[in-house]
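Colleague: Fold the stuff below for me.
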Amino acid sequence: MSDVARVIYLEGLEQLVTALRSRGYRVLGPTVRDGAIVYAELGSSRELPIGWTDVQEPGSYRLERREDDARFGYAVGPHSWKRTLLPPSLRLFKTGHDLEGEAEPVEETPTALFGARPCELAAIAIQDRVFLGGRYADRDYTSRRSNLFIVAANCGDPASTCFCTSMKTGPRAGAGYDLALTELLVGTHRFLIEAGSAAGAEVLEELTSSEAEDADFAAARAVVGRAAAAMRDGIEPADARVSLLASYEHPHWQEVADRCLTCGNCTLACPTCFCTSVEDVTDLDGGAERVRVWDSCFSIGYSEMHGGATRRSSAARYRQWLTHKLATWQDQFGTGGCVGCGRCITWCPVGIDLREEVRVFAATKEEVSANA
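Modeller: Here you go, the predicted model:
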């Protein structure tokens, strides 16, 4: 636990939103909209998904009412913070009829992510490695990332599609936050709040709070302990890497492809997938603009080179995605590309579960080894 920890109540949660907004932060957090818990700008903690939870299965998502007024009593929704740091559409520059280029100004609005899950903090760290850790840093990502304040919310209610424990990314935040909340519902409704940075400690000083006692720390450990115990269905990253790299010609790829729609939902919902394309658009006045948009390795055009696409079949495209996510991503960036949030499972229209697919390849590898 943090050296700077206090207990706040519902009024303190509202004070936290107010304190961040008074510092000029645009506060983005979870709220209920169109039958899902999504991220949007918050003006008050009253806009949080009070008393709602999500029920997720492969290819299925629905909201249900809880029996309490929990503010963070859900897992994750279809949105991830990738939408904030790497927008789905971003104009890079524009020109007039004189063809003089005008660069797009970078986004410099200070932003507070309110209620970021531990798996999402891990996803941000992975994207940091991609966009900040190489030889060239992405200009727009750098600007958005440098003006970020993160309020994490430790997880107490994972979905059946969650497997962050096996990826070592949750359910408790270990780093990457300014403040971390653990919602305590037993007894008085309260939050253990811990500072993870000097900026976080400064904001915490402004809130009406009380000293955190041993009972509060024990209750917080119980919350994340129950969440961890609920996630029994995961994968072992090191074993998955070995199995996938040994299964390049496995016939099961085609079996998955027979179900896969190559719609790209998994890559769009994923908080770490970073594929983009560039589109040029002209107008009738002679001007033009270049826009960066999200793309997907499930798109046949994404791998197109001189002579055509390099991954023509859906089996090849699914193999590319899963093998990169769980195996070659480690070779490329030194980390895995999956944080165990389960979005790719929930938002797959046909309910393909990457945990099940990995097990098929692992079982085949073990069978081959046993008969060798």
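
Colleague: Can you identify each of the helices in the stretch 151-300 of the chain by residue range?
Modeller: Secondary structure of the stretch 151-300 of the chain (DSSP state H, counting those that start in this stretch): helices located at 164-167, 198-205, 214-230, 237-245, 252-259, 265-269.

Colleague: CSV for those, including mean neighbour count?
Modeller: No exception for glycine: its C-beta is placed from N, CA and C like everyone else's. Shown next, in CSV, are the helices of the stretch 151-300 of the chain (neighbours: other Cβ atoms under 10 Å):
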stretch, mean neighbour count
helix 164-167, 22
helix 198-205, 16
helix 214-230, 16
helix 237-245, 18
helix 252-259, 16
helix 265-269, 22
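
Colleague: got those helices as a markdown table, with mean pLDDT and distance to residue 44 columns?
Modeller: Listed next are the helices of the stretch 151-300 of the chain as a markdown table, based on pLDDT from 0 to 100; distance: least, Cβ to Cβ, whole Å:
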| stretch | mean pLDDT | distance to residue 44 |
| --- | --- | --- |
| helix 164-167 | 96 | 29 |
| helix 198-205 | 97 | 17 |
| helix 214-230 | 97 | 24 |
| helix 237-245 | 94 | 40 |
| helix 252-259 | 96 | 43 |
| helix 265-269 | 97 | 28 |
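
Colleague: Dig out what the closest residue to residue 204 other than its chain neighbours forms beta bridges with.
Modeller: The shortest distance from residue 204 to any non-neighbouring residue, by Cβ to Cβ, 6 or more residues apart in numbering, is to residue 195 (5.2 Å). Applying DSSP bridges to residue 195 gives these bridge partners: residue 179.

Colleague: which stretch among the helices of the stretch 151-300 of the chain comes nearest residue 302?
Modeller: helix 265-269 (9.8 Å; Cβ to Cβ).

Colleague: mean confidence for stretch 74-93?
Modeller: Summarised as a single mean, pLDDT over stretch 74-93 is 96.

Colleague: sorry, back to before: of all the helices of the stretch 151-300 of the chain, which lies closest to residue 303?
Modeller: Judged by Cβ to Cβ, the one of those that comes nearest to residue 303 is helix 265-269, at 13.4 Å.

Colleague: I'd like the C-alpha coordinates of that closest one written as PDB, please.
Modeller: The C-alpha trace of helix 265-269 is given here as PDB (Å, rounded to 0.1, in the frame of the first residue of the first chain):
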ATOM      1  CA  ASN A 265     -13.900  -5.600 -33.400                       C
ATOM      2  CA  CYS A 266     -11.200  -7.200 -31.300                       C
ATOM      3  CA  THR A 267      -8.500  -4.800 -32.400                       C
ATOM      4  CA  LEU A 268     -10.700  -1.800 -32.100                       C
ATOM      5  CA  ALA A 269     -11.800  -2.700 -28.500                       C
END
